[in-house]
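J.: please work out how this folds:
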Amino acid sequence: MRNVVEIGLGREARRMYGLGEVDIVPSRRTRSSKEVSTAWQIDAYQMDIPVMTHPTDAVVSPSSAVEISKLGGLAVLNGEGLWARHADPEAVIDELRELALEDLTGHRAVARLQELHRAPIDRELLAAAVQRIRDEGATVAVRVSPQHARELTPGLVAAGIDLLVVQGTIISAEHVSGEDAPLNLKDFIGGLDVPVIAGGVVDYKTALHLMRTGAAGVIVGYGGADGVTTTGPVLGMEVHMATAIADAAAARRDYLDETGGRYVHVLADGDIYTSGDIARAVACGADAVVLGPLLAGALEAPGRGVYWNSVSAHPKVPRGHVAEVEDETALAPLAEVLEGPTSVPDGTRNLMGALRRAMAKCGYSDVKGFQKVDLSVRP
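T.: Numbering: from 1, shown residues only. Alright, predicted model coming up:
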């Protein structure tokens, strides 16, 4: 039964929970963390760790995508970002870093990011970036927005992508625009030979609708983290991720029954600040998590401690700062961030080691099993 409260005469609201409001309850059984597997597979692609990156140029370049793949994760290149618009994206990213560090409000950096995104998408540059990742043997995933999916996808498929990510702040099974014909995701996905991950969603009904389009994975949330202003300040929307993940997991279960066995992966994107939040997200039902700021502190990240969300460059309503999330002197190798070892005890390093230990402490040997762990709600 849904927990509904009255907020005024004739107006009710559902009580929902964020990841920081729930905790994992250990069981009577434990095991060695060496016996724990964090592997997951989406379509034909196997990953060793349940991590996908947020599609931001602050974290993902062709070179960092290869490193993330070597460590077992899935990197997503922004198909509408700087790598698709500028011949020397490293130079403009360095410029953005300097602006962000000079102006703590981040307004100048956001304005410059918007200006950089006014450059047209160069499909040859985008194809070249895809090819650089492919040449290293990494799984190639590229993000496009619902607005540009139809025009950009044929070139991306021709360039050899393995996975397509269709991601907006909030996505529906049919994107309606007054300028173009509606994007019907079911028809769109049905006409592709590559698997599609789509999102974000925040409720059971929309998650189920996206699963019925044929998506291989559904993203829950919209990358909410420090510096992302899609929440209260700009659109007045907030995703309570623990409840949203659990709702999407329920949709996954019902869709599995409905189809007689088709499993759609749930990926949690938002409200994840530490390794403990990763464990909570999986415990609530996520198959993998989408990481942004936690990876911005890696030496290999193009932004080198400065982070921005993919919607920070929106030409009219930017919804995120370009801001420092990690002092450059504190940057760590990507291998330490994901797999350790580390001397940092705050949950921002050795993310996967912490997840394996949490799973082991509760007696589970794989991610799907850990989704059944008991949870408690903080008072």
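J.: centre of the chain versus the lengthiest helix in the chain, how much separation?
T.: Counting residues, the longest helix found in the chain (DSSP state H) is helix 241-259. Computed by Cα atoms, centre = their mean, to the nearest Å, the separation of helix 241-259 from the middle of its chain amounts to 18 Å.
J.: which is the next helix or strand following it?
T.: strand 265-270 (DSSP states H and E).
J.: who's in contact with that next one?
T.: 40, 42, 52, 54, 197, 199-200, 207, 216-225, 228, 239, 241, 245, 248-249, 252, 281, 284-290 (Cβ atoms under 8 Å, 6 or more residues apart in numbering). All C-beta atoms are positioned from the backbone trio N, CA, C, and that covers glycine.
J.: so which of the residues you listed belong to strands?
T.: Using DSSP state E, the members of the contacts of strand 265-270 that fall in strands are 40, 42, 52, 197, 199-200, 217-224, 288-290.
J.: tell me which helix or strand in the protein has the weakest average pLDDT.
T.: strand 174-175 (a mean of 48; mean pLDDT, DSSP states H and E).
J.: for burial, what's the neighbour tally of Ala119?
T.: 12 (other Cβ atoms under 10 Å).
J.: check contacts around the most centrally placed residue in the chain.
T.: Centroid check for the chain by Cα atoms, centre = their mean gives Val290 as the closest residue, at 2.9 Å. When contacts are counted by Cβ under 8 Å, 6+ apart, Val290 touches 52-54, 219, 221, 223, 267-270, 272.
J.: need the pLDDT of it.
T.: pLDDT recorded at Val290 is 97.
J.: gap between Leu267 and Ile245?
T.: Between Leu267 and Ile245 the distance is 9 Å, computed by Cβ to Cβ, to the nearest Å.
J.: quick check: neighbours shared by the two?
T.: 220, 286.
J.: if you count surrounding residues, which of those two has more?
T.: Legend: neighbour count by other Cβ under 10 Å for Leu267 and Ile245, higher for Ile245 (32 against 27).
J.: grab the nearest non-local neighbour of the more buried one.
T.: The spatial neighbour of Ile245 that comes closest, neighbours along the chain excluded (Cβ to Cβ, 6 or more residues apart in numbering), is Cys284 at 4.1 Å.
J.: now do Val51
T.: The spatially closest residue to Val51, leaving aside those adjacent along the chain, is Gly73, at 3.9 Å (Cβ to Cβ, 6+ apart).
J.: and the one you found, how far is that from Thr105?
T.: From Gly73 across to Thr105, the span is 33 Å (Cβ to Cβ).
J.: more neighbours, those two?
T.: More neighbours surround Gly73 than the other of Gly73 and Thr105, with 25 against 10 (other Cβ under 10 Å).
J.: surely the more buried one is in contact with Gln46?
T.: No - counting by Cβ atoms under 8 Å, Gly73 sits too far from Gln46 to count as a contact (11.7 Å).
J.: for this protein, which residues score under the pLDDT cut-off?
T.: 1, 106, 169-182, 224-237 (pLDDT under 70).
J.: tell me where it has helices.
T.: Using DSSP H, helices in the chain cover 62-70, 89-102, 107-117, 123-135, 149-159, 185-190, 204-212, 241-259, 275-284, 293-296, 334-339, 351-361, 367-370.
J.: of the ones you listed, which is nearest Glu21?
T.: Comparing the helices of the chain by their distance to Glu21 (Cβ to Cβ), the top pick is helix 241-259, with 6.5 Å.
J.: one step back: JSON lines for the helices of the chain, including distance to Arg319?
T.: Shown next, in JSON lines, are these (distance: least, Cβ to Cβ, whole Å):
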{"stretch": "helix 62-70", "distance to Arg319": "24"}
{"stretch": "helix 89-102", "distance to Arg319": "16"}
{"stretch": "helix 107-117", "distance to Arg319": "10"}
{"stretch": "helix 123-135", "distance to Arg319": "23"}
{"stretch": "helix 149-159", "distance to Arg319": "20"}
{"stretch": "helix 185-190", "distance to Arg319": "23"}
{"stretch": "helix 204-212", "distance to Arg319": "19"}
{"stretch": "helix 241-259", "distance to Arg319": "17"}
{"stretch": "helix 275-284", "distance to Arg319": "21"}
{"stretch": "helix 293-296", "distance to Arg319": "15"}
{"stretch": "helix 334-339", "distance to Arg319": "25"}
{"stretch": "helix 351-361", "distance to Arg319": "25"}
{"stretch": "helix 367-370", "distance to Arg319": "31"}
